[in-house]
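**Student:** Requesting a structural model of the entry that follows:
(chains A and B)
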Amino acid sequence: MVTEFTPVSAAIGGALIGIACTLLLVLYGKIAGISGIVKSVFAKANSGSRWQLYFILGLLLAGVAVRVFAPSLLEGELQLSPWLIIVAGLLVGVGTTLANGCTSGHGVCGMSRFSTRSWVAMCTFMLVAIITANLVG
Amino acid sequence: MKAIMMVVIGFIFGLGLIISGMTNPAKVINFLTFGNQWDGSLIIVMAVAMLIMMLTWLWVAKKEKPLLSGSFNLSDLKKVDARLITGSILFGLGWGLSGICPGPGLVQLVSFKVEFLLFFAAVLGGMWLTKKLT
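**Tutor:** Residues are numbered from 1 along each chain as shown, chains lettered A, B, ... in the order given. Next up is the predicted model:
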């Protein structure tokens, strides 16, 4: 499926993501790593803290608000067979748990901090993703 | 107060993912694949978000503690090990296959499409499995 290059909305969206990560760090000293947040809520990785639950609630509310007020913004589908969707999901779940992060934690928060681990992680998964997408697509 | 702020921060993050187009797997796949359908939007999303965070880290470096909490809760992991590389390779395979990562996957749950529910359930399954085995 062809998608349009959308630099303006990409910049606005990127700014919002950056602002959210900044608020979390400056106000509460926490990293906005989505896989870590998901893991702590659904897999009870570190109990005793509830901020992750509220963060996810806000994330879902954003989806609900957009569905109500601007549903065309939330388009998108997975063009894969159900089995491949399960395989992809499992790989993402196992991968982010082993690597302690994904595009938000390593990509946005870690790379901007010049963490070597995050640069290695990001370069590795970007390269593998490019190879995979080109072979499959 | 903290709970409300966390909801607001999550809301801003989610809105960013949606407005940037990253909740649409096709946009990510088109960024990853070369050819006529190449879509470079993701570079701009990452660049702007990273630029803001670089400035934030400059501020953080001069501070003892965050504004509303006792201490910074940051990773002090330094080692580049096999676990990090293996995890990144597996994540890259899953991401390149589907065009979706945990954040957009979570937001897309509100669309109630079976495919996204299935994807997210599998992500949780993968996380649970890794915790069991390691």
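
**Student:** So what touches the lowest-mean-pLDDT helix or strand in chain A?
**Tutor:** Least confident helix or strand, chain A: helix A:34-42 with a mean of 91, by mean pLDDT, DSSP states H and E. Helix A:34-42 is contacted by residues A:45-46, A:49, A:52-53, A:55-56, A:96-97, A:100-105, B:101-103, B:106, B:123-124, B:127 when judged by Cβ atoms under 8 Å, 6 or more residues apart in numbering or on different chains. Every C-beta, even on glycine, is put in place using the N, C-alpha and C of the backbone.

**Student:** do stretch A:112-125 as well
**Tutor:** Applying Cβ under 8 Å, 6+ apart, the contact partners of stretch A:112-125 are A:95, A:99-103, A:105-107, A:109-111, B:50-51, B:53-54, B:56-57, B:75, B:77-80, B:84-85, B:87-89, B:91-92, B:95.

**Student:** picking up where we left off before, output the least confident helix or strand of chain A as PDB, nothing but the C-alphas.
**Tutor:** C-alpha atoms of helix A:34-42 as PDB (Å, rounded to 0.1, in the frame of the first residue of the first chain):
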ATOM      1  CA  ILE A  34       6.800   1.600  26.000                       C
ATOM      2  CA  SER A  35       7.900  -2.000  26.100                       C
ATOM      3  CA  GLY A  36       9.100  -1.600  29.700                       C
ATOM      4  CA  ILE A  37       5.900   0.100  30.700                       C
ATOM      5  CA  VAL A  38       3.800  -2.600  29.000                       C
ATOM      6  CA  LYS A  39       5.900  -5.300  30.600                       C
ATOM      7  CA  SER A  40       5.500  -3.800  34.100                       C
ATOM      8  CA  VAL A  41       1.800  -3.500  33.800                       C
ATOM      9  CA  PHE A  42       0.800  -6.800  32.100                       C
END
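
**Student:** Indicate whether the next helix or strand after it makes contact with chain B.
**Tutor:** Later in the chain than helix A:34-42, the nearest helix or strand by DSSP states H and E is helix A:51-69. Yes. Contact of helix A:51-69 with chain B (Cβ under 8 Å from any Cβ of the partner chain) involves A:51, A:54-67.

**Student:** Go through helix A:51-69 and flag the buried ones.
**Tutor:** Residues A:51-63, A:65-66 are the ones in helix A:51-69 that count as buried (16 or more other Cβ atoms under 10 Å in any protein chain shown).

**Student:** Show me where chain B has its helices.
**Tutor:** Assigned by DSSP state H, the helices in chain B fall at B:2-20, B:25-32, B:41-61, B:82-98, B:102-107, B:114-133.
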